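K.L.:
here is my input, please return the structure:
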Amino acid sequence: MSRRTRRPGPADAGTAARCTVTVCRGCCCGTPKIPGLDHDAQLTQLRRSLAETAQVRVTGCLDACEHGNVIVLQPSAAGRAAGGRPVWLGLVNDTDAAGDITAWVEAGGPGLADPPGVLDLYAFTPSRRIRQTLTE
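P.N.:
Have a look, this model is predicted:
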């Protein structure tokens with residue numbers, strides 16, 4: 001049995017070279033279990049501000065509930081070539097965090113630009129098992 005490589009189609013146009021911002025909206029993230037934040041507004045803000053710069057996708061539970069709300073920034077192709085790796089951000093429960101994420105992605109994202117200093121406070125390293133839930 002041969003392995004086929006998926007060829008990019010029209011739906012992929014322009015997305016392969018961009019960063020991907022994965023927003024967890026599973027069992028805890030994006031729910032009333034994490035109070036004090038308009039979760040829908042956070043997702044809308046990310047989608048609007050990054051519409052031309054990154055792919056924003058929503059996923060089910062990333063199994064890092066103790067860090068909810070979790071957002072993962074995956075580097076662009078150029079960022080990966082420059083050594084960038086996915087950056088996991090947890091406790092993203094501040095209304096200004098989406099703006100900081102947007103600023104970093106617009107500057108190039110992981111591998112191409114340093115994150116705004118405040119995002120260091122959100123960064124965490126999940127277990128290998130959890131990291132494997134996202135395709136690197």
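K.L.:
low-confidence stretches in this structure?
P.N.:
Counting by pLDDT under 70, the chain has low-confidence residues at 1-16, 131, 133-136.
K.L.:
can you give me the helices for it?
P.N.:
39-49, 77-81, 97-107, 128-131 (DSSP state H).
K.L.:
just how off-centre is the last one within its chain?
P.N.:
Mean C-alpha position of helix 128-131 versus that of the full chain (CA atoms, centre = their mean, to the nearest Å) differs by 15 Å.
K.L.:
how about the third one?
P.N.:
Its chain's C-alpha centre lies 11 Å from the corresponding centre of helix 97-107 when counted by CA atoms, centre = their mean.
K.L.:
helix 39-49 and that helix, what's the angle between them?
P.N.:
20 degrees (axes from the mean of the first three to the mean of the last three CA atoms, to 10 degrees).
K.L.:
which parts of helix 97-107 are buried?
P.N.:
Ala97, Ala98, Asp100, Ile101, Thr102, Trp104, Val105 (16 or more other CB atoms under 10 Å). Quick note: C-beta positions are derived from backbone N, CA and C, even for glycine.
K.L.:
show the contacting residues for the second one.
P.N.:
In other words, Ala98. Gln42, Gln45, Leu46, Ser49, Val92 (CB atoms under 8 Å, 6 or more residues apart in numbering).
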